[in-house]
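*Asks:* My questions concern the predicted model and sequence given below.
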Amino acid sequence: MEETGLFEAIYSQRQFTRYKTDSVPREAIDKIIDAATKAPSGGNVQPWHFIAITEQDLIEKIGGLYRDLWLGSQGATPPPGESQAYTSARYLANHMPEVPAMILVCADHSKGYMSYTKGEPIERGRYASSLWLAIQNLFLAARALGLGTRITTTHLREEQKVKDWLGIPDHVETICLTPLGYPRGRFGPTDRIPSADVTSYNRFGQRS
């Protein structure tokens, strides 16, 4: 698998809503998840668990739930003047049951920090920091392999259904669901506020 360098991946990473139907190789999925597990982790607890979803019936179930929840919240018909961001998100909602693969990132509450009694649940703020670092690793690794991803959390409104379908135990919480596939569209520069506008030195608002 041809890979992209780190800085090129960072500067050209995009969230995608349109995916080709080509299947994602198991080797690529394993490599992406392995990269995610190399993220920094507070207390080295590593509270993550990743569920790669490749079975078509599960993708259709979860994707259908996502579609119904998203459209139920935002409306089935685009309002006048809908932004491009929402138009793209609407497209994904309608086509989520057709994506070639998904990865569900979870928090395993059975893992605790050293300051806690073993088995005691982890504080949300402490494990969330590790999980989102792992998710960024996952996204960058996918980009390096030419695969698209997107942060979604809409499924959380009906999280128990997803947990039941995937056999997820009570002590595991779902955090982020990303579609995974070869994108329809190109990687490229993202439109962001210049870093100088959000950077201070030594005091807030001080530029030098």
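*Replies:* It's in.
*Asks:* Check the gap between the closest residue in space to residue 87 that isn't next to it in sequence and residue 97 for me.
*Replies:* Distance criterion CB to CB, 6 or more residues apart in numbering; nearest residue to residue 87, sequence neighbours excluded, is residue 78 at 6.6 Å. C-beta: built from backbone N, CA, C; applies to glycine. Residue 78 is 20 Å from residue 97, where distance means CB to CB, to the nearest Å.
*Asks:* show me what contacts the residue lying closest to residue 158 once chain neighbours are set aside?
*Replies:* Counting by CB to CB, 6+ apart, residue 158 lies nearest to residue 65, which is 5.9 Å off, once chain neighbours are set aside. Residues in contact with residue 65 (CB atoms under 8 Å, 6 or more residues apart in numbering) are 155, 158, 161-162.
*Asks:* Buried residues of the helix or strand that contains residue 65, list them for me.
*Replies:* Using DSSP states H and E, residue 65 sits in helix 56-74. Neighbour-count burial for helix 56-74 flags 59, 61-63, 65-67, 69-70, 74 (criterion: 16 or more other CB atoms under 10 Å).
*Asks:* Reformat those residues as TSV; add distance to residue 12 and pLDDT.
*Replies:* Below are those laid out as TSV (distance: CB to CB, whole Å; pLDDT from 0 to 100):
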residue	distance to residue 12	pLDDT
59	27	98
61	33	98
62	28	98
63	27	98
65	31	98
66	26	97
67	29	96
69	31	96
70	27	95
74	29	89
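*Asks:* just the residues you listed now: which is nearest residue 28?
*Replies:* Comparing the buried residues of helix 56-74 against residue 28 with CB to CB places residue 59 closest, at 16.5 Å.
*Asks:* State the distance from the closest one to residue 100.
*Replies:* The spacing between residue 59 and residue 100, counted by CB to CB, is 8 Å.
*Asks:* Show me where this protein has its helices.
*Replies:* Secondary structure of the chain (DSSP state H): helices at 6-12, 26-36, 56-74, 84-95, 124-144, 159-166.
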